[in-house]
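# would you be able to build a 3D model of this:
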Amino acid sequence: MSDSPPSLTTINSLSTDLIGLILSLLPVPSLLRASSVCKLWRCIVSSSGFQPNPCSSSPWFFLYGIHNTSPRNNQSFAFDPLSDSWFRLPIHTHRDDPCFSFIASSGFLFTTTPTFSFTRVFRNSWRATSPLHFSRINPLLAVFGDDPGPGLRFVVVGGDGFIGNLVDIEDRLAVEIYDPRSGRWDLCPPLPADFRPGNSSQSLSSALFRGRFYVFGIYSCFVSCFDLRNRAWSDVQTLRPPGVLFSFLIACRDRLVLAGMCVGPSGPSFNLWQIDETSMEFREIAIMPSNLLNGLVDSEEEDKFASLKCVGSGDMIYVFSEEYHKKYPACVCEIGSDYGSCSWRRLPDLPSPVNKFHKVITFCSAVSIHTVLHGEANEAA
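Below you'll find the model as predicted:
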């Protein structure tokens, strides 16, 4: 028997391909830490050929708090469901003009007034487009097309007209689609008149699904979809399950999901329904546990559920409160692959300190290690 110590195999003695395979199993926060271990790992993780395992990523929940009079009090956070952790993001600085309108969608941040500009979430390099034909605040907005590549487009729907620092809530503003190849905005038919008054994101929710941009009345329950290829609106229908007070339409994987607050014989509840996109028929798939629902609101308030909002993507649906005194609590529902199993849980509290905001902007987006690393490089530059 040899007295020499056994040889040890370290990870760095493995092939580059095998190291890349092991790293691909890590969630984004762990990958970010791994990229700082050594130059080899950084090179592997940042290479264009590195493809993380899809099972190691779920849509993140982003929360941007806007303070109208003191931009230094703005804050931004991101929640990773796999690590069950919040991350504080750098504050995006754009302009001190109090008239600018700030919105977010699909991993991008936008301003629509006084100019239209955009940047990716983890970057702070704003790019301005040609101006909208109709200046507006609080529109619905979606990103579609090929990414990366020149085919990425933005569609802007509704909103309140904004002319000379005055808001016009009555005007039916045309749909506008930005073509990056021509650098211009194409005009399309406006939102159907059934949605008036209340053409803004304050009373409407939206879902981009299979080449159609669905617009849904949070309180009216009217629904219509805009065909992005044919550039035409469908007939307006009503989608209102029994007992619904207000609800939000969400694109989840290969299905449309309606999430809403209900009042029934057994009391208040927050429910999820799977929607048939052709018939607009619905089927209940989940109900939030009552202890989670009560934890999101102040039980002493008469209209205690009015502060609840909902966003989602992929297999995750996030429900949160816009109330500051509760520090913007949230919970998440993870929808099973067969829509027969849905699991709810409370999110950890936001990392302190948390400021008081005049407006809370939220959305869901898939996050890749490439997006984060490119954002870091941009910040360093």
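# need the contact list for Thr362.
Residues near Thr362 by CB atoms under 8 Å, 6 or more residues apart in numbering: Phe61, Phe62, Leu63, Tyr64, Ala104, Lys309, Val311, Tyr318, Phe320. C-betas here are computed from N, CA, C, even on glycine.
# mind running it again at 7 Å?
Contacts for Thr362 (CB atoms under 7 Å, 6 or more residues apart in numbering) come out as Phe61, Phe62, Leu63, Lys309, Val311, Phe320.
# equivalent analysis for Ser224, please.
Ser224 makes contact with Pro192, Val215, Trp233, Ser234, Val236, according to CB under 7 Å, 6+ apart.
# gap between it and Cys252?
The gap separating Ser224 from Cys252 is 20 Å, by CB to CB, to the nearest Å.
# ok, now Asn294?
Separation of Asn294 from Cys252 (CB to CB) stands at 25 Å.
# more neighbours, those two?
Taking neighbours as other CB atoms under 10 Å, Asn294 and Cys252 compare with Cys252 leading, 25 against 13.
# give me the next element, helix or strand, following the lowest-mean-pLDDT helix or strand in the chain.
The helix or strand of the chain with the lowest confidence, counting by mean pLDDT, DSSP states H and E, is strand 166-168 at a mean of 54. Counting by DSSP states H and E, the next helix or strand C-terminal to strand 166-168 is strand 175-179.
# show me what that next one is packed against.
Judged by 3 or more CB pairs under 7 Å, 6 or more residues apart in numbering; DSSP states H and E, the packing partners of strand 175-179 are strand 153-157, strand 184-188.
# state the mean pLDDT of the first one.
It refers to strand 153-157. The average pLDDT within strand 153-157 is 94.
# that strand: which residues count as buried?
Buried residues in strand 153-157, counted by 16 or more other CB atoms under 10 Å: Arg153, Phe154, Val155, Val156, Val157.
# now render the residues you listed as TSV, adding distance to Lys327.
Below are the buried residues of strand 153-157 laid out as TSV (distance: CB to CB, whole Å):
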residue	distance to Lys327
Arg153	37
Phe154	33
Val155	34
Val156	32
Val157	32
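# surely Ala128 and Ser117 touch.
Yes: judged on CB atoms under 7 Å, Ala128 makes contact with Ser117 at a distance of 4.4 Å.
# tell me where the stretch 1-150 of the chain has strands.
60-66, 75-80, 85-88, 102-105, 108-111, 117-120, 127-128, 136-137, 140-144 (DSSP state E, counting those that start in this stretch).
# quick one: the ones you listed as JSON lines, columns for mean pLDDT, distance to Glu281 and mean neighbour count too.
Below are the strands of the stretch 1-150 of the chain laid out as JSON lines (pLDDT from 0 to 100; distance: least, CB to CB, whole Å; neighbours: other CB atoms under 10 Å):
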{"stretch": "strand 60-66", "mean pLDDT": "93", "distance to Glu281": "29", "mean neighbour count": "22"}
{"stretch": "strand 75-80", "mean pLDDT": "94", "distance to Glu281": "33", "mean neighbour count": "20"}
{"stretch": "strand 85-88", "mean pLDDT": "93", "distance to Glu281": "37", "mean neighbour count": "15"}
{"stretch": "strand 102-105", "mean pLDDT": "88", "distance to Glu281": "28", "mean neighbour count": "20"}
{"stretch": "strand 108-111", "mean pLDDT": "90", "distance to Glu281": "33", "mean neighbour count": "21"}
{"stretch": "strand 117-120", "mean pLDDT": "89", "distance to Glu281": "37", "mean neighbour count": "18"}
{"stretch": "strand 127-128", "mean pLDDT": "90", "distance to Glu281": "42", "mean neighbour count": "10"}
{"stretch": "strand 136-137", "mean pLDDT": "86", "distance to Glu281": "34", "mean neighbour count": "23"}
{"stretch": "strand 140-144", "mean pLDDT": "94", "distance to Glu281": "24", "mean neighbour count": "21"}
